[in-house]
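In: sequence? don't have it. structure:
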């Protein structure tokens, strides 16, 4: 993410996914996110950048964008929250989640400028 990020959904497709956050230790939130977004921001050289993000990359962008708005994933109204009593419990659960994320990862299309 760069300076002054924003995004817009490119379709109505949403997906559910588990998200962890360093701001909320020992908890995960299953949150619906847009599957495909058009992300725009300014890079550190002052150039506008536009990216089409899908799947996991789109989810991460939206998660971090929420932080800039002062929102944590566990605060979202439609979040399903799962708490863990130990870090090992959390690691076991998230290891399975990550297997799915890797399979479904789609490389972002990044272009300088706006299209």
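Out: Received it, and whenever you're ready, just let me know what you need. The model shown is predicted, which means the values in this text are computed figures rather than measured ones.
In: What is the burial count for residue 105?
Out: By the measure other Cβ atoms under 10 Å, the count of residues near residue 105 is 12. No exception for glycine: its C-beta is placed from N, CA and C like everyone else's.
In: ok now do it, which residues does it touch?
Out: By Cβ atoms under 8 Å, 6 or more residues apart in numbering, residue 105 lies in contact with 55, 56, 57.
In: What separation do you get for it and residue 87?
Out: Using Cβ to Cβ, to the nearest Å, residue 105 is found at 25 Å from residue 87.
In: What are the buried residues along the helix ranked longest in the chain?
Out: Counting residues, the longest helix found in the chain (DSSP state H) is helix 87-103. Within helix 87-103, the residues that qualify as buried are 90, 94, counting by 16 or more other Cβ atoms under 10 Å.
In: Can you give the distance from that helix to the centre of its chain?
Out: Computed by Cα atoms, centre = their mean, to the nearest Å, the chain-centroid distance of helix 87-103 equals 16 Å.
In: list the helices and strands it packs on?
Out: With contacts taken as 3 or more Cβ pairs under 8 Å, 6 or more residues apart in numbering; DSSP states H and E, helix 87-103 sits against strand 14-20, strand 27-34.
In: All set, thanks.
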